[in-house]
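1. Need coordinates for the below:
(chains A and B)
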Amino acid sequence: KNQVEQSPQSLIILEGKNCTLQCNYTVSPFSNLRWYKQDTGRGPVSLTIMTFSENTKSNGRYTATLDADTKQSSLHITASQLSDSASYICVVSGFYGQNFVFGPGTRLSVLP
Amino acid sequence: DAEITQSPRHKITETGRQVTLACHQTWNHNNMFWYRQDLGHGLRLIHYSYGVQDTNKGEVSDGYSVSRSNTEDLPLTLESAASSQTSVYFCASSTGLAGEGTDTQYFGPGTRLTVL
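-> A predicted model of the protein is given here:
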């Protein structure tokens, strides 16, 4: 069964600190992996998209890594800000970007 | 600016009633999607469309229907609402032009539906 797991389920950090969120998947065949940020009460917003041939992609303070061999991805947030408080969702797509499988998300809280 | 909107933002209905949720995008995107989001689950795909007159079933399509008569709109209809359909519904769109399906999906603000 195609699945996407994320850890931790929730995370609390202090403003200015770095953090790393994890995503493991069993989706096969694999086309691409996305990370989304979802603020409370809003729709998800795309942060990064990586195909199987890419192993890192950055978007400002957000850096995603992908290991297609071990089927793992991580999202690293540098110098966190209060506005980073949100849920971060990992999404894996199957053949030619179809069959989106969403992870349950990691809830990040950044405290002053 | 181009955008994707959903209406209503909140809806309360009774079991057995027909409900239609609207989704309108001004991106001129080919692809449109409907998802539901429930606590403890990731977003799950209900229906999707790759263009006018094209519709496809997603993972959780039972009890839902869509139609695509123009590029801008993909309304989602619950034929006979059930309490299990209480959820937050998100509409999304993408160009459908990027290779390997890597085009960005843009999500609407969501509709919170409660079925009593």
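2. how about the residues of chain A near chain B?
-> Contact residues, chain A versus chain B (C-beta under 8 Å from any C-beta of the partner chain): A:4, A:31-32, A:34, A:41-46, A:49, A:51, A:89, A:91, A:93, A:96-98, A:100-105. For the C-beta atoms, the positions are set from N, CA and C on the backbone; glycine is no exception.
3. Weed out the non-buried ones from those residues.
-> For the residues of chain A next to chain B, a neighbour count by 16 or more other C-beta atoms under 10 Å in any protein chain shown gives the buried set as A:4, A:31-32, A:34, A:43-44, A:46, A:49, A:51, A:89, A:91, A:93, A:97, A:100-105.
4. if you look at the residues of chain A next to chain B, which of them are in strands?
-> Of the residues of chain A next to chain B, the ones assigned to strands by DSSP state E are A:V4, A:N32, A:R34, A:V45, A:S46, A:I49, A:T51, A:I89, A:V91, A:S93, A:V101, A:F102.
5. To what extent is the residue lying closest to the fourth one once chain neighbours are set aside buried, counted in neighbours?
-> Which is A:V45. For A:V45, ignoring the flanking residues on the chain, the nearest one in space by C-beta to C-beta, 6 or more residues apart in numbering or on different chains is A:K37 at 5.2 Å. Look at A:K37: counted by other C-beta atoms under 10 Å in any protein chain shown, it has 21 neighbours.
6. just A:P29 next, same as before
-> When neighbours are counted by other C-beta under 10 Å, A:P29 registers 10.
7. check which helix or strand covers it.
-> Using DSSP states H and E, no element contains A:P29; it sits outside every helix and strand.
8. What are the phi and psi values at it?
-> Here is the backbone geometry of A:P29 (degrees, to the nearest 10): phi -70, psi 160.
9. Might one say that it is in contact with A:G94?
-> Yes - A:P29 lies in contact with A:G94 (C-beta atoms under 8 Å); the separation is 5.8 Å.
10. which outside residues touch the lowest-mean-pLDDT helix or strand in chain A?
-> Ranked by mean pLDDT, DSSP states H and E, the helix or strand of chain A with the weakest confidence is strand A:101-102, at a mean of 90. With C-beta atoms under 8 Å, 6 or more residues apart in numbering or on different chains as the contact definition, strand A:101-102 has outside contacts at A:2-4, A:25, A:27, A:89-94, B:35, B:42-44.
11. Now, of these, which are buried?
-> The neighbour count (16+ other C-beta under 10 Å) marks A:4, A:25, A:27, A:89-94, B:35, B:42-44 as buried among those.
12. from these, which has minimum pLDDT?
-> pLDDT is lowest at A:G94 among the buried ones among the contacts of strand A:101-102; the value there is 79.
13. Dump stretch B:24-40 to PDB, restricted to CA.
-> Extracted in PDB, the C-alpha atoms of stretch B:24-40 (Å, rounded to 0.1, in the frame of the first residue of the first chain):
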ATOM      1  CA  HIS B  24     -13.200  29.000  -9.200                       C
ATOM      2  CA  GLN B  25      -9.700  29.700 -10.500                       C
ATOM      3  CA  THR B  26      -8.500  32.500 -12.600                       C
ATOM      4  CA  TRP B  27      -5.100  30.900 -13.400                       C
ATOM      5  CA  ASN B  28      -6.400  29.400 -16.600                       C
ATOM      6  CA  HIS B  29      -5.100  26.100 -15.300                       C
ATOM      7  CA  ASN B  30      -5.900  22.800 -17.100                       C
ATOM      8  CA  ASN B  31      -5.900  20.600 -13.900                       C
ATOM      9  CA  MET B  32      -8.200  21.000 -11.000                       C
ATOM     10  CA  PHE B  33      -8.500  18.800  -7.900                       C
ATOM     11  CA  TRP B  34     -10.800  18.300  -4.900                       C
ATOM     12  CA  TYR B  35      -9.400  17.000  -1.500                       C
ATOM     13  CA  ARG B  36     -10.800  16.500   1.900                       C
ATOM     14  CA  GLN B  37      -8.800  16.900   5.100                       C
ATOM     15  CA  ASP B  38      -9.700  15.200   8.300                       C
ATOM     16  CA  LEU B  39      -7.900  15.100  11.600                       C
ATOM     17  CA  GLY B  40      -5.400  12.200  11.700                       C
END
